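[1] kindly return the folded structure for what I paste below:
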Amino acid sequence: MKTQEQEIMQFAYDFCHMMEWHNIDIIRIKINKMVRYKGWCIPDTQSDGFYILLSELTNKDNKDFFATLIHELIHARLASDIKTVKTSHMHGRKFKRLAKQVANKSNGFYSIKEIV
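    Take a look at the predicted model:
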């Protein structure tokens, strides 16, 4: 039987495959009691991979929880494109363009507003 974190990891891999984001290396997705952020994408200093932290406190709604995960996956996607800069905190044009692609691929299930 899979743990909750393994199921979320599987969702992330399936989602990245659906979006054709093959260059993202998600090392681990962890759920913890962060209060300040709903989610956080942290680059691994030893590899080109990323850790994603999701807050169990601020993600009480299932759809919001996965919208937050997708938000962090977009950060990982943007950072993996920029090989010299491994963090991407911006929510600018590139971020919104990817959020729009997600909204289109999900047939509007996730809106740009929910993701950004």
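
[2] where does the prediction get shaky in the chain?
    Along the chain, segments meeting pLDDT under 70 span 59, 82-89.

[3] tell me which strands and helices the longest helix seen in it is in contact with?
    Across the chain, the longest stretch assigned as helix under DSSP state H is helix 62-81. Here helix 62-81 touches helix 4-19, strand 26-32, strand 39-43, strand 50-55, helix 93-105, helix 112-115, going by 3 or more Cβ pairs under 8 Å, 6 or more residues apart in numbering; DSSP states H and E. Using the backbone N, CA and C atoms, a C-beta is placed for each residue, glycine as well.

[4] each with direction, which strands does the fourth one pair with?
    Yep, that's strand 50-55 we're talking about. Strand pairing for strand 50-55, using DSSP bridges, gives strand 26-32 (parallel), strand 39-43 (antiparallel).

[5] coming back round to it: just the buried residues of the longest helix of the chain, please?
    Judged by neighbour count (16 or more other Cβ atoms under 10 Å), helix 62-81 contains these buried residues: 65-80.
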